[in-house]
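Novice: Sequence and predicted model, in that order:
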Amino acid sequence: MSNKNRNKSKKVVVGMSGGVDSSVAAYLLKEQGYEVIGVTMQIWQDEAQETMAQNGGCCGLSAVDDARQVAAKLDIPYYVLNFKEVFHKSVIQPFVTEYLHGCTPNPCILCNRYVKWEALLQRSIALGADYIATGHYARIMQLKNGRYVIRNSVTAKKDQTYALYSLTQEQLAHTLMPIGDFKKEEIRDLAEQIGLSVASKPDSQDICFVPDNNYASVVLREAEGDVPPAGNFVTRDGKILGQHKGIIHYTIGQRKGLNLAMGHPVFVTEIRPETNEVVIGEAQDVFSDTLVCNQLNFMAVEDIDGAVEVTAKIRYSHSGAPCTIEKIDKDHLKCTFQEPVRAVTPGQAVVFYQNDYIFGGGTIVSNTSTALHK
């Protein structure tokens, strides 16, 4: 039996962002014989339409118009579902809280875990769907032990696995990622061939609710002014170097915007919310060979026992570095790198890989092994 016939009775809800990737994902799944339903999630659309049309992003109002046109072209049902409340609770509020505590979170990871998967999957299954699907450049595979993992896409240039490490086994079992076997150029060419209006639409770059890349402005607005005040720039041993404008404006490894007349480049090496201090150091002080993470999620195994060799990415743009991971306690894991890595940042995700798939990951709480509960 062909795949097309085998899939004929299977229903899949495709999260359509109005971009070329999710649009082609819907096309590919229809070609494979699935009953495809297109859905756009309203999560951050309270601004004026002209503002969101200009900003674009994966969830602007312009995305709805583009996705609707694509669905009409593909002749598939299309719906707009309201997820504003769960987005605010699961993404915006934790994002703001982390910044107020001196951390630098990645909201896309929270959105993937709790909105684009958990909330959408629950809604889709209630509608009788067998799967949800997205336009992520990633692949899903099942290991010999029966567990599902996220596998790298065929092109490292667009690989999006890092932001998907927190997905659960249940979510992965009900997810399809049809464009992980393609390069971006191939996806655009295919969209052009089938006449999709979004074939040459630029990729969204900014976080959807921070279109101007000004994170502090979002924190100020959402916290309604209840934010840490100005404080001191200090050296590691406490020497005062000057005043900062508030810890929400800084992140580990930052060099620009410090306004310190030191005569040479200096960097943020630590943020101390308990004393409202931003620690300044030299270039070499930004490197660490150890980190501690919590909020662990393992894909390849249920848990680890003893030391495991992996490759770790400490941010989306990081190419990865070899390291050893080992549990400290039930909720914390220590990662020791073979060579020091730059700007290990509390609040960011660390994602562990083996071969070409995600082994697991967690949220960085410290760039040292001495402070578990900072």
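Specialist: Looks like it arrived, so ask away. Residues are numbered from 1 along each chain as shown.
Novice: Show me where the stretch 201-350 of the chain has its helices.
Specialist: For the stretch 201-350 of the chain, applying DSSP state H, counting those that start in this stretch gives helices covering 215-222.
Novice: go on, the stretch 51-200 of the chain?
Specialist: Per DSSP H, counting those that start in this stretch, the stretch 51-200 of the chain carries helices over the ranges 61-74, 84-87, 93-100, 107-111, 120-126, 169-173, 184-193.
Novice: Most tightly packed of those helices?
Specialist: Ranked by mean neighbour count, the helices of the stretch 51-200 of the chain are led by helix 107-111 with a mean of 23 (mean count of other C-beta atoms under 10 Å). To be clear about C-beta, it is placed using only N, CA and C from the backbone, and glycine gets the same treatment.
Novice: list the helices and strands that one packs on?
Specialist: If you count contacts as 3 or more C-beta pairs under 8 Å, 6 or more residues apart in numbering; DSSP states H and E, helix 107-111 packs onto helix 93-100.
Novice: how far does the helix it packs on sit from the chain's center?
Specialist: 15 Å (C-alpha atoms, centre = their mean, to the nearest Å).
Novice: wait, isn't Lys11 in contact with Tyr34?
Specialist: Yes. Applying C-beta atoms under 8 Å, one finds Lys11 in contact with Tyr34, separated by 7.1 Å.
Novice: Between these two, which contacts overlap?
Specialist: Tyr131 (C-beta atoms under 8 Å, 6 or more residues apart in numbering).
Novice: the more surrounded of those two?
Specialist: The residue with more neighbours, out of Lys11 and Tyr34, is Tyr34; 26 against 16, by other C-beta atoms under 10 Å.
Novice: which non-adjacent residue is nearest Gln93?
Specialist: Glu222 (7.6 Å; C-beta to C-beta, 6 or more residues apart in numbering).
Novice: hmm, who's touching whatever helix or strand Gly360 lives in?
Specialist: Per DSSP states H and E, Gly360 falls inside strand 357-366. Strand 357-366 has contacts (C-beta under 8 Å, 6+ apart) with 141, 149-152, 161, 164-166, 291-301, 304, 308, 310, 314, 332-333, 344-353, 371-374.
Novice: filter those to the buried ones?
Specialist: The neighbour-count criterion (16 or more other C-beta atoms under 10 Å) marks 149-152, 161, 164-166, 291-294, 296-300, 304, 308, 310, 314, 332-333, 344-353, 374 among the contacts of strand 357-366 as buried.
Novice: quick one: which of those sit in strands?
Specialist: Among the buried ones among the contacts of strand 357-366, the subset assigned to strands under DSSP state E consists of 149-152, 291-294, 296-298, 308, 310, 333, 349-353.
Novice: In this protein, what helix or strand scores lowest on average pLDDT?
Specialist: helix 49-55 (a mean of 44; mean pLDDT, DSSP states H and E).
Novice: average pLDDT for stretch 215-222?
Specialist: For stretch 215-222, the mean per-residue pLDDT is 86.
Novice: in it, what counts as buried?
Specialist: Buried positions in stretch 215-222, judged by neighbour count with 16+ other C-beta under 10 Å: 215-216, 218-220, 222.
Novice: Just the CA trace of that stretch, in CSV.
Specialist: What follows is stretch 215-222, C-alpha atoms only, in CSV (Å, rounded to 0.1, in the frame of the first residue of the first chain):
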residue,chain,number,x,y,z
TYR,A,215,13.4,43.2,25.5
ALA,A,216,13.6,45.7,28.4
SER,A,217,10.6,47.7,27.0
VAL,A,218,8.5,44.6,27.2
VAL,A,219,9.6,43.9,30.8
LEU,A,220,8.9,47.5,31.8
ARG,A,221,5.4,47.4,30.2
GLU,A,222,4.4,44.0,31.6
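Novice: Not counting that stretch itself, show me its contacts.
Specialist: Stretch 215-222 is contacted by residues 92-93, 95-96, 99-100, 209-210, 227, 246, 248-249 when judged by C-beta under 8 Å, 6+ apart.
Novice: Closest to Leu74 out of those residues?
Specialist: Nearest to Leu74 among these: Phe209, at 28.6 Å, using C-beta to C-beta.
Novice: isn't the closest one right up against Gln93?
Specialist: No. Contact criterion C-beta under 8 Å: Phe209 and Gln93 do not qualify, at 11.9 Å.
Novice: isn't Ala119 right up against Asn82?
Specialist: No. Taking contacts as C-beta under 8 Å, Ala119 lies outside contact range of Asn82: 10.5 Å.
Novice: Throw the contacts of stretch 215-222 into JSON lines and include distance to Leu196 and pLDDT, thanks.
Specialist: Listed next are those as JSON lines, based on distance: C-beta to C-beta, whole Å; pLDDT from 0 to 100:
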{"residue": "Ile92", "distance to Leu196": "32", "pLDDT": "93"}
{"residue": "Gln93", "distance to Leu196": "36", "pLDDT": "94"}
{"residue": "Phe95", "distance to Leu196": "33", "pLDDT": "93"}
{"residue": "Val96", "distance to Leu196": "37", "pLDDT": "94"}
{"residue": "Tyr99", "distance to Leu196": "38", "pLDDT": "93"}
{"residue": "Leu100", "distance to Leu196": "42", "pLDDT": "94"}
{"residue": "Phe209", "distance to Leu196": "27", "pLDDT": "76"}
{"residue": "Val210", "distance to Leu196": "28", "pLDDT": "76"}
{"residue": "Val227", "distance to Leu196": "44", "pLDDT": "89"}
{"residue": "Gly246", "distance to Leu196": "45", "pLDDT": "95"}
{"residue": "Ile248", "distance to Leu196": "40", "pLDDT": "94"}
{"residue": "His249", "distance to Leu196": "41", "pLDDT": "93"}
